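Undergrad: Provided below are the primary sequence and the corresponding predicted coordinates.
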Amino acid sequence: MTRLAVVTGAARGIGRAIGERLQVDGYTVVGVDIGDGLAETSFDPVQLDLTDPTGVATVANTVRDLDGDLAALVNNAGITRDARLVNLTESAMEAVLDVNLGAAYHLSAALAPLLVEGGAIVNLASRAYLGNFGQFNYSMSKGGVVGLTRAMALDLAPAVRVNAIAPGLIATEMSMAIPDDIRQAMVEKIPLGRMGEPIEIADLVAYLLQPGYITGHVFVVGGGRSLA
């Protein structure tokens, strides 16, 4: 039977790398994104807004209509609206929480009953869950993803495993938009001396989706940088 994998934020960056990596492993990938970049992929595209309940329902219905067993869910979709606490607007707070945490929760709740026994969920958190200057809302949302991961791992065991990956600075469009001098200063704090590559995150996702004894864990992938 065909193995299905739902990957959110799949149009570009880490999400696209994850989807392409899972295709190598034989998954049929349902790529979900609000943007139009899905047309450039070979995923089964579902373009919608995951903060809308009808969007979540559409993903679930798409999975039901496909010929295959849902074996994997990767909650990768995320946005930033960086601001210090004193400058943070209510709309920026709500938008980041709705996408980064709310969408992961609602989609997981909708798809968990469809996951086959032995299936797995991987949530993309961020090293920022440890705290990042100027990313109050983002750090808060990603900390929530870590808590969500731990809670779901307990709730869905033993049938479904749930883990999280917390990337550091990864070479994506988002990171390359950071001013060169600031980005270089960030790289200089990384013990391995470079940014990570999306495929390095995708490889870990693929590993965590394989049958195993790991659940409820958070893997920081930051080139050796943690709180420093």
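TA: Yep, it's here. None of the values given here were measured: they were computed from a predicted structure.

Undergrad: Asn75 and His106 touch, don't they?
TA: No. Using Cβ atoms under 8 Å, Asn75 is not in contact with His106, being 10.0 Å away. The way it works is simple: take the backbone N, C-alpha and C, and place the C-beta from them, glycine included.

Undergrad: Look at the two and report which has more neighbours.
TA: For Asn75 versus His106, the count of surrounding residues by other Cβ atoms under 10 Å is larger for Asn75: 30 against 19.

Undergrad: which stretch of helix or strand covers the nearest residue to that one once chain neighbours are set aside?
TA: Leaving aside its sequence neighbours, Asn75 sits nearest to Ala104 (Cβ to Cβ, 6 or more residues apart in numbering; 3.9 Å). Using DSSP states H and E, Ala104 sits in helix 103-111.

Undergrad: Report the buried residues of the helix or strand that that helix is followed by.
TA: Tracing the chain past helix 103-111, the next element assigned as helix or strand by DSSP H and E is strand 115-124. For strand 115-124, a neighbour-count test (16 or more other Cβ atoms under 10 Å) marks Leu115, Val116, Gly119, Ala120, Ile121, Val122, Asn123, Leu124 as buried.

Undergrad: List the contacts of the residue nearest the centre of the chain.
TA: Centroid-nearest residue in the chain, with Cα atoms, centre = their mean: Asn76, separated by 1.9 Å. Neighbouring residues of Asn76 by Cβ atoms under 8 Å, 6 or more residues apart in numbering: Val7, Thr8, Gly9, Ala10, Ile14, Gly15, Ile18, Leu124.

Undergrad: switch the cut-off to 7 Å
TA: If a contact means Cβ atoms under 7 Å, 6 or more residues apart in numbering, then Asn76 has Val7, Thr8, Gly9, Ile14, Gly15, Ile18, Leu124 as its contacts.

Undergrad: Who are the contact partners of the residue in the chain sticking out farthest from the centre?
TA: Centroid-distance maximum for the chain: Val86 at 28.0 Å, with Cα atoms, centre = their mean. Counting by Cβ under 7 Å, 6+ apart, Val86 makes contact with nothing.

Undergrad: how close does it get to Met93?
TA: To Met93, Val86 is 13 Å away according to Cβ to Cβ, to the nearest Å.

Undergrad: just Gly35 next, same as before
TA: 22 Å.
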